[in-house]
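Asks: any chance you could fold what I've pasted below:
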Amino acid sequence: MAHEKEIFERVTELRAQCMASQGAPHQQAADENQLVAALQKLMAVVENYPQLKADQHFLELQQELVNTEDRIQAARRFFNGNVRDYRNKCQTFPSRIIAGMFGFESQDYFNVHPSVRDVPDADFGDS
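Replies: Sure thing, here's the model as predicted:
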């Protein structure tokens, strides 16, 4: 039980950390990677409790996790698209001259571990 409590506390802590993260994209990605790893451990714990899998609240949580991951992926694509456009503007003439004069610097893409890019399978045998 103590191990399971640690997992729940860690997920909560990492979720709050991700929500508060305002740093560089690579730091936000690192925070999200930690959260995903903790969520994977949480899902492994859930596998040990068949009665939890069938609970209506847990089924709602599953759906919300899938919806949240979809929104996060859309936000990542939006961010990376804007970074791509920004980089293109900073590297093409004549905007390259203005970018150089005002010190615009290249920005990093929001990169995450490949396992984070896939929408998690939230099927816990509720069929």
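Asks: just checking the distance from the helix or strand encompassing Ile7 to the centre of its chain.
Replies: Secondary structure assignment for Ile7, by DSSP states H and E: helix 2-20. Distance, stretch centre to chain centre, for helix 2-20: 15 Å (C-alpha atoms, centre = their mean, to the nearest Å).
Asks: and the strands in the chain?
Replies: Shown for the chain, no strands are assigned by DSSP state E.
Asks: relative orientation of the longest helix along the chain and helix 2-20 in degrees?
Replies: When every helix of the chain is counted residue by residue (DSSP state H), the longest turns out to be helix 56-91. Angle, helix 56-91 to helix 2-20, by axes from the mean of the first three to the mean of the last three C-alpha atoms, to 10 degrees: 40 degrees.
Asks: what packs against helix 56-91?
Replies: Judged by 3 or more C-beta pairs under 8 Å, 6 or more residues apart in numbering; DSSP states H and E, the packing partners of helix 56-91 are helix 25-46, helix 95-102. Just so you know, the C-beta spots here come from the backbone N, C-alpha and C atoms, and that holds for glycine as well.
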